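J.: Pasting a predicted model and its sequence here:
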Amino acid sequence: VQLVESGGGSVQAGGSLRLSCAASGIIFSVHAMGWYRQAPEKERELVASISNGNGAYTYHAESVMGRFTISRDNAKNTLYLQMNSLKPEDTAMYFCAAGVTHPNHWRAGVAPDYWGQGTQVTVSS
């Protein structure tokens, strides 16, 4: 299983980035997907998640609601995170995750099954 993130980088506050996660080795459409992030000296936190299939269920953390949007393209085996109005506090390593459990469980602390290596997002003020 491989989850390969891309799209990270450095941007000024107020800017935008779109993260992508290309999945292989799994049946992408049957897996829930999500984005986590971890800032230095902080715990990893769930940023957004989306259910399998047509992605009818989505979750966005309160800190990113209205600014970030998670989506998936099953035909391309790819997960996205559109990030707008970025803030310095969004600076973190962003990780893609996949799992067979419903992503609602991830909010309760259940860990996904697979993780990517991460892509760095740095937002300067």
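T.: Nice, I can see it. Bear in mind that the values here come from a model prediction, so they are computed numbers and not experimental data. Numbering: from 1, shown residues only.

J.: pull the helix or strand with minimum mean pLDDT from this protein.
T.: helix 104-107 (a mean of 92; mean pLDDT, DSSP states H and E).

J.: Show me what it is packed up against.
T.: strand 45-50 (3 or more C-beta pairs under 8 Å, 6 or more residues apart in numbering; DSSP states H and E). Every C-beta, even on glycine, is put in place using the N, C-alpha and C of the backbone.

J.: Can I get the strand it packs on as CSV, trimmed to CA atoms?
T.: As requested, the backbone C-alpha atoms of strand 45-50 are provided in CSV (Å, rounded to 0.1, in the frame of the first residue of the first chain):
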residue,chain,number,x,y,z
GLU,A,45,-4.8,15.9,14.7
LEU,A,46,-7.5,15.0,12.3
VAL,A,47,-8.1,17.8,9.8
ALA,A,48,-10.7,16.3,7.5
SER,A,49,-12.1,13.0,6.5
ILE,A,50,-14.4,11.6,3.8
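
J.: residues in contact with whichever helix or strand comes after that strand?
T.: Note on strand 45-50: by DSSP states H and E, the next helix or strand toward the C-terminus is strand 58-60. Here strand 58-60 makes contact (C-beta atoms under 8 Å, 6 or more residues apart in numbering) with 46-51, 68-70, 103-104, 107.

J.: related to what we said a few turns ago, what residues sit buried inside the least confident helix or strand of the chain?
T.: Neighbour counts over helix 104-107 (16 or more other C-beta atoms under 10 Å) mark residue 106 as buried.
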